[in-house]
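Q: got a predicted structure plus its sequence, pasted below:
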Amino acid sequence: MRNRKLRVTPLDAAILALLIGAALLFGYRAARGLNYDWNWSSMPHYLLRFDEQEQTWKAGLLLQGLFVTLRLSLLSGLLATLFGTIMGLFRTSRSPLQQMVGAAYVGLVRNTPPLVLVFVFYFFLGDQIITALGVDDLVYRIPERSQCILCFFLGPPQQIPAFLSAVLTLALFEGAYIAEIVRAGIESVPRGQWEAASALGFTRWGCLRNIILPQALATMIPALAGQFISTIKDSAIVSIISIQELTFAGQELMAATYRTFEIWTLVLVMYFTMTFPLSLGVRRLEQRMNRHRNER
């Protein structure tokens, strides 16, 4: 199949010029009417700063928040994939109990505000169970090298209960959507594949592992990648429990400097630089998989 070349028509050029003109006019009127003294000179300091005492460059508050967001999103995404895969398999199981568990999980999580889930898991799991188990104290007892590795992934020991509750909350929330992606991917495989595998003597698990899931994976991968992008954006909500990710860092700086527009513009750009390349990668992946599917 030949790719159609995009053509720019005079109407397209006129619409683009109109949009650019409207954006410039809006920016001009906003700048004149806001009565706001813009000051970008201190913004680079919140990304990178030079430590005079140690004579070295260190990450600023916003860059530290960016790293926390990446760690939080990565751990939550991996755990959400595990939860979602298990519940997606439950949703397609022959067992009524497994179907009921999967449906209850998806229905409960998808119909509950994520902010409520954050508070429930923070006050119940992080503030009670994890603290009662002494997880943060346990970190101090392990060897120093292992402690450094653990703190790299989970943050300072005193913040581990809140961080773990945030990871689990995001994982359960995103896992409900991944479960539906897995279910839809499995159900997209023609029923004849199941029947053929059964005729060849495959068990249900053997059929899933060797025949159904490899075919369903081609359908699921773009949606799973898109869900990981959503995880990065949704991670901003855990700033409400003082997880020092990018949004929380922006709130702290705004309260300290009163540079509202500069701080939030920079935070917006940083989120965009994380998610936009991933969006392009997902689009490229979808195009390659569609091209491969059409060639078969």
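A: Done, it's in.
Q: for this structure, which residues score under the pLDDT cut-off?
A: Judged by pLDDT under 70, the chain has its weakly predicted residues at 1-6, 126-137, 139-140, 293-296.
Q: Ile263 should be in a helix, yeah?
A: Yes: checked against DSSP: H, G, I helix; E, B strand; the rest coil, Ile263 lies within a helix.
Q: assign Arg49 to helix, strand or coil.
A: Look at Arg49: counting by three-state DSSP, its state is strand.
Q: what about it, how many neighbours?
A: By other CB atoms under 10 Å, the residues close to Arg49 number 14. Yep, even glycine has a C-beta here, placed from its N, CA and C like the rest.
Q: what sits against the residue in the chain sticking out farthest from the centre?
A: Most distant from the centre of the chain: Ala199, at 41.2 Å, with distances by CA atoms, centre = their mean. The contact partners of Ala199, by CB atoms under 8 Å, 6 or more residues apart in numbering, come to none.
Q: residue closest to the middle of this structure?
A: Centre-nearest of the chain using CA atoms, centre = their mean is Thr231, 1.7 Å out.
Q: other SSEs contacting the helix or strand it falls within?
A: Assessed by DSSP states H and E, Thr231 sits inside helix 213-234. Under the contact criterion of 3 or more CB pairs under 8 Å, 6 or more residues apart in numbering; DSSP states H and E, helix 213-234 touches helix 61-91, helix 160-187, helix 260-295.
Q: one step back: pull up the gap between the residue farthest from the centre of the chain and Pro214, please.
A: For Ala199, the distance to Pro214 (CB to CB, to the nearest Å) stands at 19 Å.
Q: also Gln251?
A: Counting by CB to CB, the gap from Gln251 to Pro214 is 45 Å.
Q: which of the two has more neighbours?
A: Gln251 (17 against 11).
Q: what sits against the closest residue to the more buried one other than its chain neighbours?
A: In this structure, Gln251 finds its nearest non-sequential neighbour in Ser239, 6.5 Å apart by CB to CB, 6 or more residues apart in numbering. When contacts are counted by CB under 8 Å, 6+ apart, Ser239 touches 245, 247-248, 251.
Q: ok, the residues you listed vs Ala23, which is closest?
A: Thr247 (25.6 Å; CB to CB).
Q: and the helix or strand harbouring the closest one, what does it pack against?
A: Thr247 is located in helix 246-257, with elements delineated by DSSP H and E. Applying 3+ CB pairs under 8 Å, 6+ apart, we find helix 246-257 packed against helix 61-91, helix 260-295.
Q: what comes up buried for the last one?
A: This means helix 260-295. The neighbour-count check on helix 260-295 (16 or more other CB atoms under 10 Å) flags 262-263, 266-267, 270-271, 274-275, 282 as buried.
Q: Phe90 contacts Val106, correct?
A: No: using CB atoms under 8 Å, Phe90 makes no contact with Val106, being 9.4 Å away.
Q: next, the angle helix 160-187 makes with the helix holding Thr231.
A: 140 degrees (axes from the mean of the first three to the mean of the last three CA atoms, to 10 degrees).
Q: for helix 213-234, which positions count as buried?
A: Those would be 213, 216, 219-229, 231-232, 234, for helix 213-234 by 16+ other CB under 10 Å.
Q: closest one of those to Ser146?
A: Once CB to CB is applied, the member of the buried residues of helix 213-234 that ends up nearest Ser146 is Thr231, at 27.2 Å.
Q: contacts only, for that closest one.
A: By CB under 8 Å, 6+ apart, the neighbours of Thr231 are 73, 76-77, 80, 170, 174.
Q: including distance to Val8, could those residues go into a markdown table?
A: A markdown table is the format used below for those (distance: CB to CB, whole Å):
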| residue | distance to Val8 |
| --- | --- |
| Ser73 | 37 |
| Ser76 | 41 |
| Gly77 | 38 |
| Ala80 | 41 |
| Leu170 | 42 |
| Glu174 | 39 |
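Q: out of those residues, which end up buried?
A: Among the contacts of Thr231, those that count as buried by neighbour count (16+ other CB under 10 Å) are 73, 76-77, 80, 170, 174.
Q: circling back: so how far is Val118 from the residue nearest to the centre of the chain?
A: 14 Å.
Q: with Ala218 instead?
A: Ala218 is 34 Å from Val118, by CB to CB.
Q: do Arg7 as well
A: Taking CB to CB, one finds Arg7 at 48 Å from Val118.
Q: look at those two and report which has more neighbours.
A: The neighbour comparison of Arg7 against Val118 (other CB under 10 Å) goes to Val118, with 22 against 6.
Q: how close does the more buried one get to Leu200?
A: Relative to Leu200, and taking CB to CB, Val118 is found at 48 Å.
Q: before I go, just wanted to say thanks for your time.
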